[in-house]
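Asker: My questions concern the predicted model and sequence given below.
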Amino acid sequence: MASKAEAVSKKQIDVANLPGPTQRVEAIKERFIKTTPEICVERAQLITASYKVTEDLPIHIRRAKAFEKILSEMTIFIADDELVVGNQCTKPRSAPVYPEFSCKWLEAELDRLEKRTGDVFLISEDKKKILRDLFPYWDKKTSNELATSLMTPDALAAQGAGVFTVGNYYFNGVGHISVDYAKVLAKGLNGVIDEAKAELAKIDLTDPDDLKKMHFLDAVITSNEAVIAFARRFAVEAEKLAASEKSAQRKAELAEIARICRKVPAQPAESFGEAIQSFWFIQLVLQLESNGHSISPMRFDQYMYPYLEMDTSITTEKAQELLDLLYIKFSEINKVRDEGSTKAFGGYPMFQNLIVGGVDREGEDATNDLSFMCLQATANTKLYQPSISIRVHSNTPAELYKKAAEVSRLGLGMPAYYNDRFIIPALLSRGLTREDARDYGIIGCVEPQVAGKTEGWHDAAFFNMAKVLELALNDGVDALTGKQLGPKTGDLASFNSFDDVMKAYKTQMKNFVKLLVISDNAVDIAHGQRTPLPFLSSLVDDCMAKGKSLQEGGAHYNFTGPQGVGVGNVGDSLTAIKKLVFEDKAITLAELKKGLESDFAGVEMESMRQMLQNRAPKYGNDNEYADLIAHEGALIYCREVEKYTNPRGGRFQPGLYPVSANVPLGTVVGATPDGRKSGKALADGVSPVSGVDQAGPTASVKSVARLDHVIASNGTLLNMKFHPNALKDDRGIQNLVGVTETFFNGGGTHIQYNVIGRDTLLDAQKHPDNYQGMVVRVAGYSAFFTSLDKAIQDDIIARTEQMF
């Protein structure tokens with residue numbers, strides 16, 4: 001049967017000539033682009049009402065009952081021409097409110113939501129009043145407030161000074177996960193409910209641990225039943241619309257929607273259309289249970305392909321259209337963040353990462369027809385979600401590599417490229433089995449994990465490595481505030497050798513990583529106590545067997561992944577000190593101190609700054625001297641992070657990527673010895689400092705490959721920008737593949753390309769109305785350029801524009 005289906009599939013799908021977008025896809029996409037995001041208050045109203053009547057119940061039951069109320073009473077709709085159905089809010093692109101995580105920041109910012117410089121949301125006065133009336137109920141009940149109470153004063157002070165921020169999970173749900181979508185498609189949620197009932201049957205209620213386990217499993221059953229009922233609400237709605245529909249074609253489409261929604265996700269999917277709809281219901285409701293972003297489909301081409309392969313009744317054109325429509329649904333999901341966080345997460349990102357290619361669990365190439373179709377869907381929709389990625393290994397088919405490069409040429413900043421040759425060993429070093437490591441996908445921006453088994457807590461914090469260096473050169477004193485923030489490690493002018501500088505850097509790093517761990521663990525504990533997620537937990541291995549939610553350590557694999565920011569600045573700063581001060585003796589430490597304290601003000605200090613920028617070797621130019629110092633600066637951070645454990649029984653693992661936090665984190669760092677002025681943006685990810693990588697793209701990737709990407713197992717991020725002329729023909733495509741392979745063979749794990757001209761970006765800043773649908777790569781994600789704060793736009797424009 002499988003071989004017959006395979007033969008049919010190969011006969012039907014010509015991956016070299018996949019169809020473009022249909023009129024339906026174009027019309028729905030255009031409608032989406034013209035929709036301005038709004039705040040939706042329904043979820044906040046429903047969860048508040050539920051919590052008020054369940055205060056005497058165990059937390060797992062409270063969470064399940066609240067989830068059930070939301071799904072049973074929220075507004076649902078089926079828009080014109082939709083074939084894939086399911087909405088998060090009363091309008092597409094709107095954002096729900098999740099007061100159980102935090103809400104004081106939103107109350108304070110309600111009147112500014114429409115006035116922001118980025119991530120603008122509309123909200124009526126009536127909706128503001130609704131939220132202001134319900135927020136008082138949540139006072140001292142949120143996970144945010146509990147986390148704050150668990151932190152030490154030193155940890156809070158370090159956050160306030162910008163040494164690190166744990167705002168991602170401090171104010172929101174965790175997210176950053178991929179569930180076992182394959183199990184839902186194969187068994188349906190009824191199968192998940194049966195698993196929970198089987199575990200319940202084993203319980204001994206005289207065992208205190210089993211009593212708590214019972215409440216969790218009851219919550220799992222309630223939550224899964226609520227999702228089934230939610231899907232069937234769409235069946236009823238479709239039947240209602242069909243009854244009054246005059247178009248015979250649309251009437252038939254609505255009837256099919258009704259049939260599918262009565263079947264899935266309760267039962268196994270048996271066609272590609274059923275699998276698409278079942279998948280979407282799961283993807284959607286996970287983001288109604290919690291506002292944690294980066295709920296990632298991961299290896300979509302692997303678990304969805306069997307349903308395409310077996311569906312001999314669907315044409316390639318219809319299958320591609322369904323996939324394109326699903327991609328638009330991804331983009332409809334939204335989230336409101338505090339204004340400060342929009343500086344680090346600009347452009348309404350939800351980081352839903354979908355990855356294709358790679359090897360399978362046995363180590364063989366896993367490419368299939370759907371791998372190509374997923375890339376085609378990105379080309380057809382040209383939207384920022386899902387964040388499409390490709391896994392590359394030694395035997396990746398040349399056709400898939402070329403297809404990916406052709407999509408890169410479109411200028412969307414996608415796909416991102418990931419290297420099986422080094423990511424798999426990195427995951428093995430963290431305790432994954434070989435089969436699980438081979439089966440990895442990417443969460444959010446750049447974070448590897450295995451789906452359905454992992455609570456990775458990726459993006460646990462942004463750690464400001466440049467701020468730590470500033471403190472190391474200033475005796476632990478914050479250069480901007482004059483406050484003693486870290487341990488006393490000596491004044492810059494007092495150091496007698498480069499080793500003294502490095503010793504101070506290591507001491508400050510040790511202190512502030514410890515405070516980071518305290519902060520992360522406080523937030524972790526708070527989520528376990530106040531906001532466990534029974535539905536999400538039911539789709540991750542071991543949670544039901546352990547009788548624990550993910551937030552309490554139920555997953556098979558548990559990690560916490562904070563990321564270091566400012567690798568290029570730290571590397572170039574330390575290189576300048578070693579070369580110009582201690583070796584060439586062109587600058588004294590006293591002179592350097594004066595320059596840093598004055599922000600290089602005056603002719604003499606500006607002359608020094610030019611020397612720091614132009615005479616010292618720079619990371620990013622295949623200069624081993626500079627690259628190895630950058631390597632060491634990053635390695636000191638990574639080694640310190642991996643010493644620690646989290647409350648869920650797992651370990652911390654470091655990453656090196658900023659999302660777009662390199663911009664706001666730069667505002668709290670004074671002048672640095674690489675010649676960077678106070679307040680300016682830090683280097684992006686593991687990329688060189690903007691403008692210093694002047695030796696071409698191959699030299700740049702060779703430098704970055706000299707970092708230890710394996711120890712940074714939570715992910716690294718390399719952004720590279722090319723002028724469109726560099727990829728205008730097949731030779732340009734070959735050159736892009738060549739640069740990628742040079743980087744990957746050297747040890748790099750991730751690279752992504754912005755293919756867009758500086759002039760285009762500058763014109764978009766001046767005339768945003770002409771570029772409403774223009775997507776660019778920001779960091780580990782893409783976004784509409786015109787939705788970004790100007791500081792992030794400027795950072796993208798400033799990146800080195802490469803040519804071959």
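Answerer: Done, it's in.

Asker: Just give the nearest non-adjacent residue to residue 738, would you?
Answerer: Among residues not flanking residue 738 along the chain, residue 698 sits closest, at 8.0 Å (C-beta to C-beta, 6 or more residues apart in numbering). The C-beta positions use only the backbone N, C-alpha and C, and glycine is treated the same way.

Asker: isn't the one you found right up against residue 739?
Answerer: Yes: contact criterion C-beta atoms under 8 Å: residue 698 and residue 739 qualify, at 6.1 Å.

Asker: of these two, who's got more company?
Answerer: Taking neighbours as other C-beta atoms under 10 Å, residue 698 and residue 739 compare with residue 739 leading, 22 against 16.

Asker: gap between the residue nearest to the more buried one when sequence neighbours are not counted and residue 418?
Answerer: Leaving aside its sequence neighbours, residue 739 sits nearest to residue 697 (C-beta to C-beta, 6+ apart; 5.0 Å). Taking C-beta to C-beta, to the nearest Å as the measure, residue 697 falls 18 Å from residue 418.

Asker: What of residue 22?
Answerer: For residue 22, the distance to residue 418 - C-beta to C-beta - is 31 Å.

Asker: So between these two, which is more surrounded?
Answerer: Taking other C-beta under 10 Å, residue 22 and residue 418 do not tie; residue 418 has more neighbours (27 against 17).

Asker: so where does the more buried one fall, helix or strand?
Answerer: Per DSSP states H and E: residue 418 is located in strand 416-419.

Asker: what's that strand packed up against?
Answerer: On a contact count with 3 or more C-beta pairs under 8 Å, 6 or more residues apart in numbering; DSSP states H and E, strand 416-419 meets strand 387-392, helix 730-746, strand 750-755.

Asker: do that again at 10 Å, thanks
Answerer: Judged by 3 or more C-beta pairs under 10 Å, 6 or more residues apart in numbering; DSSP states H and E, strand 416-419 is in contact with strand 353-357, strand 387-392, helix 398-408, strand 440-443, helix 730-746, strand 750-755.

Asker: Could I get the CA-only coordinates of that strand as CSV?
Answerer: Provided in CSV are the C-alpha atoms of strand 416-419 (Å, rounded to 0.1, in the frame of the first residue of the first chain):
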residue,chain,number,x,y,z
ALA,A,416,17.1,30.1,7.8
TYR,A,417,19.7,27.4,7.3
TYR,A,418,20.7,24.9,10.0
ASN,A,419,23.7,22.5,10.0
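
Asker: Provide the strand pairings for that strand, with the direction of each partner.
Answerer: Sheet pairing for strand 416-419, assigned by DSSP bridges, gives strand 387-392 (parallel), strand 750-755 (antiparallel).

Asker: which stretch in those has the least confidence?
Answerer: Least confident of the strands paired with strand 416-419, judged by mean pLDDT, is strand 750-755 with a mean of 94.

Asker: Can you give the distance from that strand to the centre of its chain?
Answerer: How far strand 750-755 lies from its chain's middle: 16 Å, per C-alpha atoms, centre = their mean, to the nearest Å.

Asker: Next SSE downstream of that strand?
Answerer: That would be, after strand 750-755 and using DSSP H and E, helix 758-766.

Asker: Can you point out the buried residues in that following helix?
Answerer: By 16 or more other C-beta atoms under 10 Å, the buried positions in helix 758-766 come out as 760-761, 764.

Asker: Parallel or antiparallel, list what pairs with the following helix or strand past that helix.
Answerer: Following helix 758-766 in sequence order, the next helix or strand is strand 775-777 (DSSP H and E). The pairing partners recorded for strand 775-777 under DSSP bridges are strand 782-784 (antiparallel).

Asker: average pLDDT across the partner strand?
Answerer: 89.

Asker: Beyond that strand, next helix or strand please.
Answerer: Per DSSP H and E, the first helix or strand lying C-terminal to strand 782-784 is helix 790-798.

Asker: can I get the CA coordinates of that following helix in CSV?
Answerer: Taking Å, rounded to 0.1, in the frame of the first residue of the first chain, the C-alpha atoms of helix 790-798 are listed here in CSV:
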residue,chain,number,x,y,z
LYS,A,790,12.9,53.0,13.8
ALA,A,791,15.8,51.9,16.0
ILE,A,792,15.4,48.3,14.7
GLN,A,793,15.0,49.6,11.2
ASP,A,794,18.2,51.6,11.5
ASP,A,795,20.1,48.5,12.8
ILE,A,796,19.0,46.4,9.8
ILE,A,797,20.0,49.2,7.4
ALA,A,798,23.4,49.5,9.0
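
Asker: before we move on, the earlier item: wait, the residue nearest to residue 739 touches residue 723, no?
Answerer: No: the criterion here is C-beta atoms under 10 Å, and residue 697 misses it with residue 723 at 11.3 Å.

Asker: if we can go back for a sec, next, count neighbours for the residue nearest to residue 739.
Answerer: Residue 697 has 25 neighbours, counted by other C-beta under 10 Å.

Asker: likewise the one 3 residues further on?
Answerer: Burial of residue 700, expressed as a neighbour count using other C-beta under 10 Å, amounts to 26.

Asker: contacting residues around residue 13?
Answerer: If a contact means C-beta atoms under 10 Å, 6 or more residues apart in numbering, then residue 13 has 308-309, 315-316, 319-320, 368-370, 372-373 as its contacts.

Asker: Just the residues you listed: which are in helices?
Answerer: 308-309, 316, 319-320, 369-370, 372-373 (DSSP state H).

Asker: out of the residues you listed, what pair is the most spread apart?
Answerer: Greatest spatial distance among the ones in helices among the contacts of residue 13 (C-beta to C-beta): 309 and 320, at 15.0 Å.

Asker: Next up, the contacts around residue 569.
Answerer: By C-beta under 10 Å, 6+ apart, the neighbours of residue 569 are 464-466, 469-470, 619, 630, 633, 662, 666, 669, 672-676, 680-683, 688-689.

Asker: Now it: closest residue in space that isn't a chain neighbour?
Answerer: Distance criterion C-beta to C-beta, 6+ apart; nearest residue to residue 569, sequence neighbours excluded, is residue 466 at 4.6 Å.

Asker: Pass me the low-pLDDT residue ranges in this structure, would you?
Answerer: Flagging of the chain using pLDDT under 70 yields the residue ranges 1-11, 804.

Asker: Let's verify residue 558: helix, strand, or coil?
Answerer: Look at residue 558: counting by DSSP: H, G, I helix; E, B strand; the rest coil, its state is strand.

Asker: So in terms of bridging, what pairs with it?
Answerer: Beta-bridge partners, per DSSP bridges, of residue 558: residue 455.

Asker: OK, contacts around it?
Answerer: Shown in contact with residue 558 (C-beta under 10 Å, 6+ apart): 454-457, 524, 542, 550, 645-651.

Asker: Kindly report the same for residue 647.
Answerer: Each residue near residue 647 by C-beta under 10 Å, 6+ apart is listed here: 520-528, 551-553, 558, 560.

Asker: can you do 8 Å?
Answerer: By C-beta atoms under 8 Å, 6 or more residues apart in numbering, the contact list for residue 647 reads 521, 524-525, 528, 553.

Asker: By neighbours, which of the residues you listed wins?
Answerer: Counting by other C-beta under 10 Å, top hit in the contacts of residue 647: residue 524 with 27 neighbours.
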